[in-house]
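In: Provided below for reference: sequence and predicted model.
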Amino acid sequence: MPPRGPTEREQDVTQLVLQGNATAEIAELMSVLAQTVQQHFKSIFDKTGVRSRRELVGKVLYAHHEPRVRDNEQRALTGRSLRGGPMES
């Protein structure tokens with residue numbers, strides 16, 4: 001069975017935890033029980049290979065910023081100006 005990506009609700013939970021919300025706040029914002037949020041976290045952790053919210057946040061931020069760092073490294077090596085903002089898609 002191929003690995004599954006996060007569901008829409010798991011993506012919502014991840015976004016809310018990245019914004020600094022606690023379980024109770026996420027539950028309230030999503031109109032679900034705190035236990036449901038915890039189940040979403042368990043599934044997210046299993047799919048991403050992390051064991052905590054801290055690891056999840058670190059993994060998401062690294063995945064988001066690492067390509068920009070690599071792009072600037074290449075730009076520096078070739079004498080091009082560095083980018084400070086988001087990369088164009």
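Out: Arrived safely. Numbering: from 1, shown residues only.

In: by contact count, what packs against the longest helix belonging to the chain?
Out: In the chain, taking DSSP state H as the definition, the longest helix is helix 53-77. Packing partners of helix 53-77 (3 or more C-beta pairs under 8 Å, 6 or more residues apart in numbering; DSSP states H and E): helix 8-18, helix 34-48. The way it works is simple: take the backbone N, C-alpha and C, and place the C-beta from them, glycine included.

In: which of the residues in it are buried?
Out: Arg53, Leu56, Val60, Asn72 (16 or more other C-beta atoms under 10 Å).

In: wait, which of those is closest to Glu10?
Out: Each of those was scored against Glu10 by C-beta to C-beta, and Leu56 proved nearest at 10.7 Å.

In: Return the distance of the worst-scoring helix or strand of the chain on mean pLDDT from the chain's centre.
Out: When each helix and strand of the chain is scored by mean pLDDT, DSSP states H and E, helix 53-77 comes last, with a mean of 83. Relative to the centre of its chain, helix 53-77 is centred 12 Å away, using C-alpha atoms, centre = their mean, to the nearest Å.

In: Tabulate the helices and strands packed on helix 53-77 in JSON lines, adding columns for mean pLDDT, mean neighbour count and distance to Ala76.
Out: Formatted as JSON lines, the helices and strands packed on helix 53-77 follow (pLDDT from 0 to 100; neighbours: other C-beta atoms under 10 Å; distance: least, C-beta to C-beta, whole Å):
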{"stretch": "helix 8-18", "mean pLDDT": "96", "mean neighbour count": "17", "distance to Ala76": "29"}
{"stretch": "helix 34-48", "mean pLDDT": "96", "mean neighbour count": "16", "distance to Ala76": "31"}
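
In: Dump these into CSV; add distance to Glu28 as well.
Out: Below are the helices and strands packed on helix 53-77 laid out as CSV (distance: least, C-beta to C-beta, whole Å):
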stretch, distance to Glu28
helix 8-18, 10
helix 34-48, 9
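
In: mind checking which of those helices is nearest His65?
Out: Among the helices and strands packed on helix 53-77, helix 8-18 sits nearest to His65 (C-beta to C-beta), with 12.8 Å.

In: who touches that closest one?
Out: If you take C-beta atoms under 8 Å, 6 or more residues apart in numbering as the criterion, helix 8-18 is touched by 6, 25-26, 29-30, 37, 40-41, 43-44, 47, 53, 56-57, 60-61.
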